[in-house]
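[1] have a look at this fold, sequence not included:
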């Protein structure tokens, strides 16, 4: 008669646990200084003051546009978004990508293509008559 293959293997091999394979490599950090880079664009203006609802102005025409829909589409920017267009931040995405609502639609734009819009308040008010 033939013996089953499992019977030929000693039972001690089943008791040993399999080697552990880590899903993520263990990284050991040396004690020292932890450096964090500041998030700023080429002109040195910090993007940290951007938040949902902040007004922005486009400073550089993006070559490609990706819609911020649930099923995004990528297409060339054939003059839809131009420098000087004003929009509003709708959401933040990873890697300095922002969902921006413009007059022509809502798109995912890289932070290098826009800057915060700084609204200047008039100190004089509109109640005073102007000299003619």
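    Received, thanks. Quick caveat, the model's predicted, so the values are computed rather than measured.
[2] please name every helix or strand in contact with the strand ranked longest in the chain.
    Taking DSSP state E as the criterion, the chain has its longest strand at strand 86-93. Contacts defined by 3 or more C-beta pairs under 8 Å, 6 or more residues apart in numbering; DSSP states H and E place strand 86-93 against strand 55-58, strand 97-102. All C-beta spots, glycine's among them, are computed from the backbone N, C-alpha and C.
[3] most tightly surrounded among those strands?
    strand 97-102 (a mean of 19; mean count of other C-beta atoms under 10 Å).
[4] list the buried residues for the longest strand of the chain?
    For strand 86-93, burial by neighbour count (16 or more other C-beta atoms under 10 Å) applies to 87, 89.
[5] work out the sheet partners of that strand and label each with its direction, please.
    Each strand that pairs with strand 86-93, with its direction, by DSSP bridges: strand 55-58 (antiparallel), strand 97-102 (antiparallel).
[6] before we move on, the earlier item: residue 66: which of the helices and strands packed on strand 86-93 is closest?
    Nearest to residue 66 among those is strand 97-102 (8.7 Å), distances taken as C-beta to C-beta.
[7] that concludes my questions; thank you for your assistance.
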